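Asks: need a 3D model of the sequence below.
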Amino acid sequence: MLELAILGFLCDTPLHGYELRKRIAALTGHAKPVAESTLYPAIKRLEMAGLLARETQPGTGAAPRHVLTLTAEGRAELRCRLAEPAQADITDENRWFTVLAFLRHLKDPATQARVLERRLAFLRQPTSFFYDDDRPLRAEEIEDPFRRGILTIARATNQAEQSWLRRTLDSLRATGGA
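Replies: Purely as a prediction, here's the structure:
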């Protein structure tokens, strides 16, 4: 997810590390902030793989700034990761939001639609936070008002996302997205 966010934000515009870190934190949430000890090694890996380029520019103070840009190979890698996201990128909400934030960089509506269809298929599967053996429990089956609240909120969120996905898929199909 971190590498995808780095590639996606740099596809939007060249950035220095501090600004990149702020944008990733805004996207992924402040509950799990990206530490410098995680971000900069990821940047270095992507740079060593030829996906990023670094340019030194004069800073506003005395220290120079290292501005990161995406290479042609980096753009191709971003498109590949977006077109074929890992299953965890489809099922985990934070990872899914990262995919969704940059899906516009796939120019083919049919490819975008395939990714959205995978998410929709996942959301249609019966699931719960609470189970009776292997059977997922519905909110109406739980007496605890707090657990019932979790399931009620999750159901509403799921229904809203499925509705958005169906509308977006209809729109993509109307523009040639299969």
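Asks: for residue 14, what are its contacts?
Replies: For residue 14, the contact set (CB atoms under 8 Å, 6 or more residues apart in numbering) comprises 55, 67-70. All C-beta spots, glycine's among them, are computed from the backbone N, C-alpha and C.
Asks: for those residues, which one is nearest residue 128?
Replies: residue 70 (40.4 Å; CB to CB).
Asks: residues contacting the closest one?
Replies: Taking CB under 8 Å, 6+ apart, we find residue 70 in contact with 7, 10-11, 14, 51-53, 78.
Asks: okay, and the beta partners of it?
Replies: Here residue 70 sits in beta bridges with residue 52, going by DSSP bridges.
Asks: buried among the contacts of residue 70? Need that as a selection in ChimeraX.
Replies: Restricted to the buried members of these, where burial is judged by 16 or more other CB atoms under 10 Å, the ChimeraX selection command reads as follows:
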select :7,10,11,14,51,52,78
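Asks: returning to what we had before: to be precise, which single item in the contacts of residue 14 has the lowest pLDDT?
Replies: Scanning the contacts of residue 14 for pLDDT, the smallest score is found at residue 55, 89.
Asks: return the member of the contacts of residue 14 nearest to residue 29.
Replies: The shortest approach to residue 29 among the contacts of residue 14 belongs to residue 68, at 22.4 Å (CB to CB).
Asks: sounds good, over and out.
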